[in-house]
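K.L.:
Quick check, what structure comes out for this input:
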Amino acid sequence: MTPENSNNPFLHLKVRSLLLRLLLIFFILGLGLGIIQATTGVQFHPQVLNLILYIFVFGLLCLWTLADFKRFRIHIRYFVGRLPNNHRWLPMVGLVIVLILFSIGSYLVLFYLLSLAAPSFVDTILREAAKSPTPQKTAPLLSNLLGAIVLVVVAPLTEEFLFRGIILQRWASKWGIRAGLISSSLLFGIGHTNVVGLSMVGMILGVLYIRTRSLMVPIACHAINNSFVVVMTLLSNESNNTVSVMNELEQVRHSLWLGIVLILLSLPVLVRFLSQNWPRKDENIPYFINSFEKES
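P.N.:
Okay, the predicted model is just below:
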């Protein structure tokens with residue numbers, strides 16, 4: 001059973017509107033913080049400033065989008081769904097670990113190839129990545145605590161709400177469930193440094209949402225994934241400076257075979273999971289399956 005277009009609220013939630021809202025919120029907040037620093041002389045720690053901006057930008061974007069739910073008659077209980085009974089969380093943790101291995105492997109291989117063709121481009125990307133608000137051993141305690149909260153709590157909630165909840169279901173309503181899954185996953189990957197690895201993460205999380213019809217499952221897996229990232233970063237001896245960026249570039253250039261091995265170990269598991277859980281061409285989006293079950 002497929003709802004008529006006139007009754008599908010996700011056809012009114014346009015992705016370009018989300019992007020315009022994102023830019024508008026970022027511009028207003030950035031301008032406001034700039035004025036505060038210029039007029040008061042207060043200087044924010046760059047990492048703390050990035051974390052605060054992330055929380056407010058994506059938090060306000062989600063709240064703004066939630067305001068549309070009432071206008072388009074979207075029921076939040078159908079949108080989020082219920083946590084499946086007796087859900088097998090241990091295999092999910094294993095799946096997340098395999099995803100991390102694939103992400104690391106694809107990162108090493110992709111950046112090795114890019115370093116051969118455009119070393120200055122890779123150097124720029126690594127420098128920008130070094131400024132990302134992730135916990136670091138040398139960073140202040142407040143910054144690390146705030147970074148952990150953003151990665152483990154804020155990012156999973158806001159990104160899953162936007163990418164799996166809104167964008168996947170919007171594009172699936174427009175182009176079909178498979179096209180919506182693939183395109184929303186690619187957009188998720190493009191929004192991160194590791195495009196290939198995070199596109200696969202987006203694909204797996206999207207399939208989990210479609211299969212379980214519960215947004216809480218991809219949120220939990222996203223949080224587990226980011227928890228591993230926080231732990232691995234804190235255990236790392238690298239520091240956020242120019243020397244570490246150069247070391248990372250050299251490490252990428254000498255880690256091609258490690259990347260290939262990680263991909264060979266993880267990719268078959270991920271492909272098997274996707275092949276077993278790939279949605280049917282005519283499958284409906286989670287929101288409407290949840291609403292049909294409620295009505296019946």
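K.L.:
Which residue lies nearest the spatial centre of this structure?
P.N.:
Taking Cα atoms, centre = their mean as the criterion, Glu159 is the residue nearest the geometric centre of the chain, at 5.3 Å.
K.L.:
so that one touches Ala223, yeah?
P.N.:
No - contact criterion Cβ atoms under 8 Å: Glu159 and Ala223 do not qualify, at 10.5 Å. From N, CA and C alone the C-beta is placed, and that goes for glycine too.
K.L.:
Return the helix or strand in this protein with minimum mean pLDDT.
P.N.:
Ranked by mean pLDDT, DSSP states H and E, the weakest helix or strand in the chain is helix 242-253, scoring a mean of 57.
K.L.:
In stretch 146-153, which residues are buried?
P.N.:
Leu146, Gly147, Ala148, Val150, Leu151, Val152 (16 or more other Cβ atoms under 10 Å).
K.L.:
Pull up the distance across that stretch, start to finish.
P.N.:
10 Å (Cα to Cα, to the nearest Å).
K.L.:
hang on, the earlier thing: enumerate every residue touching the residue nearest to the centre of the chain.
P.N.:
Glu159 is in contact with Phe58, Phe188, His222, counting by Cβ atoms under 8 Å, 6 or more residues apart in numbering.
K.L.:
Repeat the analysis, applying 7 Å as the threshold.
P.N.:
Counting by Cβ atoms under 7 Å, 6 or more residues apart in numbering, Glu159 touches His222.
K.L.:
Which element, helix or strand, includes it?
P.N.:
Assigned by DSSP states H and E, Glu159 belongs to helix 155-159.
K.L.:
got the buried residues for whatever helix or strand comes next after that helix?
P.N.:
Read in the C-terminal direction, the helix or strand following helix 155-159 is helix 169-175, with elements assigned using DSSP H and E. Across helix 169-175, burial judged by 16+ other Cβ under 10 Å covers Gln169, Arg170, Trp171, Ala172, Ser173, Lys174.
K.L.:
Which residues are in contact with the residue lying closest to the fifth one once chain neighbours are set aside?
P.N.:
Using Cβ to Cβ, 6 or more residues apart in numbering and skipping the chain neighbours, the partner closest in space to Ser173 is Phe10 (4.4 Å). By Cβ under 7 Å, 6+ apart, Phe10 lies in contact with Gln169, Arg170, Ser173.
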